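**Q** Pasted the sequence and its predicted model underneath.
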Amino acid sequence: MAISDTTEISQLTFEQALGALEEIVQQLESGNVPLDQSIALYERGEALRKHCQKRLDDAQARIERIVTDGAGAAAGTAPFDSDG
């Protein structure tokens, strides 16, 4: 499924955003894109990259908050607390 250039980035899943970013890289690497369009693609690509990084950071924080029992086995999860 191709993602429209007007699709709101914040609504994309990680996989959709990564796919859209890969498409942009391919277009820019082709060298067949006019300068103004290249700049717009680059800007959207940067926004997609930031979105992907945020999703990865959020996932990492959730994983790090998995609670273990005395034997080291996963016993549940706790809300992420940046103070903690």
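**A** Great, that's in hand.

**Q** okay, CA-based contacts and neighbour counts for the rest of this
**A** Fine.

**Q** the strands in the chain, which residues?
**A** Secondary structure of the chain (DSSP state E): strands at 66-68, 74-77.

**Q** Show the contacting residues for the spatially most central residue of the chain.
**A** The chain has residue 52 as the residue nearest its centroid, 1.1 Å off, counting by Cα atoms, centre = their mean. When contacts are counted by Cα atoms under 8 Å, 6 or more residues apart in numbering, residue 52 touches 14, 17, 18.

**Q** Correct me if wrong: the second one contacts residue 48.
**A** So that's residue 17. Yes. Under the criterion of Cα atoms under 8 Å, residue 17 makes contact with residue 48 at 5.8 Å.

**Q** what sits in contact with each of these two?
**A** Residues touching both residue 17 and residue 48 by Cα under 8 Å, 6+ apart: residue 9.

**Q** So what's the residue count around the nearest residue to residue 45 once chain neighbours are set aside?
**A** Ranked by Cα to Cα, 6 or more residues apart in numbering and with sequence neighbours excluded, the top spatial neighbour of residue 45 is residue 21, at 5.5 Å. For residue 21, the neighbour count with other Cα atoms under 10 Å is 22.

**Q** ok, now how distant is residue 21 from residue 47?
**A** Residue 21 sits 9 Å away from residue 47, taking Cα to Cα, to the nearest Å as the criterion.

**Q** same deal with residue 58?
**A** Per Cα to Cα, residue 58 is found 17 Å from residue 47.

**Q** Compare those two and say which is more crowded by neighbours.
**A** residue 47 (16 against 13).

**Q** show me what contacts residue 29?
**A** If you count contacts by Cα under 8 Å, 6+ apart, residue 29 has none.

**Q** quick one: the helices in the chain?
**A** Applying DSSP state H to the chain gives helices spanning 14-30, 35-64.
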